[in-house]
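Q: Provide a 3D model corresponding to the input given below.
(one chain, ligands or ions: 1)
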Amino acid sequence: MKITAIRVYQIDLPLHEGSYKWSGGNAVSVFDSTVVEVETDAGITGWGEVCPLGPAYLPAYAAGARAGIVELAPHLIGADPTALGTLNDRMDSAMRGHPYVKSAIDMACWDILGKVSGLPVATLMGGRVGDDFALYRAISQDSPERMAERIGEYREAGYRKFQLKVGGDPDTDIDRIRAAARVLERGDVLVADANTGWTQHAAVRIADAVRDVDVYLEQPCRTYEECLAVRQHTNRPFVLDEVIDGIDMVVRGARDGAMDVINLKISKVGGLTKARQIRDLCVSLGLAMTIEDTPTIIPMILCRVFDASARETRAKAANNGATRERATTAATKKMATAKKAGAAKKTTAAKTSVNRSAAKRSRARPETAPR
Ligand SMILES: [Mg+2]
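A: As a prediction, the model looks like this:
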C-alpha cells in the first residue's frame, strides 16, 4: 500500500463557554484545528487532526501545522502508511523537530492501519483494559468564587475531577485553590494547573500556603529545573505537563523523581506512535498519566481508545472527569461534520492542499478541554 495524496483542511471550533483562559492572560475563544486526510492506492483513507491551543501555549501554532504538513507531505507520497515506524523515520529525516506537524499524519496512518487490519487502534496498540474511564474538567481562570461555583456546576454534569487554571497572581491563586477545596466532596479530585505561570519563588510560596489542601500541583514554572526545585520543596502530589515533550524528558523526570504524574499530549510528542512508547515506559515505571490533547474532533475519540489500552490503575489515576458517552457522541458528530467539510472539496490537488473555506462552513463546538 502506498500514500497517493495528503490533503489538509482547516476548521474553526468555537467554545461553548465563549472563551478559555489560563496563565499569563492567555485566552482562546475559537480553536483553529487542522484535519488531515491521507489517501492510498488501496482506496483506503485515513484521518488525523492537530489543534494547537493558540501560538502562546506550546511551541506550535495552527498555521504552522498546515504549512508543515504541506512541506512534509511530498516526502511521504509513495510511503507505506501501515509501516508506522518507517513512516515516522521518514518524517523525522525530512523535517527536524515540529512534532505537532507530524502527529496528524501519524494519526491518519494509524487510522489506515486499523481499517486495513479490521482491528480497533486500541487492539493494535496493545489491547483495551476496561470499558470506561473518567474525564476531567478544566475550569477556566476566573475569580475564586466563580471557579468554586463551577465545581458544583460541573459535578452536576457528572464530573468528579477538576483542574483549576491558576498561574496568575499568587495571592489570588491561593484564594482560588482554597475556595475550590472548600466545595469539594469526598471522591472529588482537585488539580491546580499553573501552566508555567508562576516564578519559582512564587510557586514555593503558594505550595507552602496550600500544604494542608488536598490538591495536585501541575506545571508551576516554565523550566524543568524550576519545576524540580518546587517539587523538592512541596509535599503535594506533582504533575508535569508542558516540559514533558518527549520520551527523554520522561526518563529524566523519572530519574530525578520530578513528578508523580505526567500529562501525555499526543500531538506534543509527535503522534500515537511516539505517545505509545511513552505510555509503555510510564506503565513500566509506575508513573501515572493523563492522556490528553486539544479539544478537537479526532483526538477526543483516540484518547479514549489510547487510554483504554493502558493499565486500569494508571487510567484511574490519570484521567479526570466523567460523561464519556457525551464526549464520544459529540466527537463522532464533529468527525462526521469534518468529513462532510472535507468531502465538499474533493477537487483538491493530488499532493497537498490547505482548504479553509470548506471547513469554515463547519463550526463544531467542543467543550473546554484539559491542557
Ligand atoms: Mg496542564
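
Q: Tell me the buried residues in the helix or strand where A179 lies?
A: For A179, the element it lies in under DSSP states H and E is helix 170-182. Within helix 170-182, the residues that qualify as buried are 170, 173-181, counting by 16 or more other CB atoms under 10 Å. Using the backbone N, CA and C atoms, a C-beta is placed for each residue, glycine as well.

Q: now stretch 149-168
A: Those would be 149-151, 154-155, 159-168, for stretch 149-168 by 16+ other CB under 10 Å.

Q: Check stretch 217-234 too.
A: Quick answer for stretch 217-234 (16+ other CB under 10 Å): 217-222, 224, 226-231, 234.

Q: what residue is smack in the middle of the protein?
A: Among the residues of the chain, D293 comes closest to the average C-alpha position under CA atoms, centre = their mean, at 1.1 Å.

Q: Which single one of the buried residues of stretch 149-168 is nearest to the ion?
A: For those, the residue nearest the ion by CB to the ion is Q163; the value is 7.2 Å.

Q: Assumed that closest one was part of a strand.
A: Yes - according to DSSP: H, G, I helix; E, B strand; the rest coil, Q163 belongs to a strand.

Q: Quickly list what it is bridged to.
A: A138, V191 (DSSP bridges).

Q: shouldn't it be in contact with L217?
A: No - in this structure, Q163 is not within contact of L217 by CB atoms under 8 Å, at 11.3 Å.

Q: what's the overlap in contacts for these two?
A: 191-192 (CB atoms under 8 Å, 6 or more residues apart in numbering).

Q: any idea of the pLDDT on A336?
A: Looking at A336, its pLDDT reads 40.

Q: Could you pull up the residues touching the closest residue to the ion within the stretch 51-200 of the chain?
A: Closest residue of the stretch 51-200 of the chain to the ion, CB to the ion: D193 (4.4 Å). By CB under 8 Å, 6+ apart, the residues touching D193 are 22, 138, 163-167, 218-219, 239, 241, 371.

Q: want to try JSON lines for these, with distance to the ion as columns?
A: Compiled in JSON lines, those are given as follows (distance: CB to the ion, whole Å):
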{"residue": "W22", "distance to the ion": "8"}
{"residue": "A138", "distance to the ion": "8"}
{"residue": "Q163", "distance to the ion": "7"}
{"residue": "L164", "distance to the ion": "11"}
{"residue": "K165", "distance to the ion": "9"}
{"residue": "V166", "distance to the ion": "11"}
{"residue": "G167", "distance to the ion": "10"}
{"residue": "E218", "distance to the ion": "5"}
{"residue": "Q219", "distance to the ion": "5"}
{"residue": "V239", "distance to the ion": "7"}
{"residue": "D241", "distance to the ion": "4"}
{"residue": "R371", "distance to the ion": "5"}
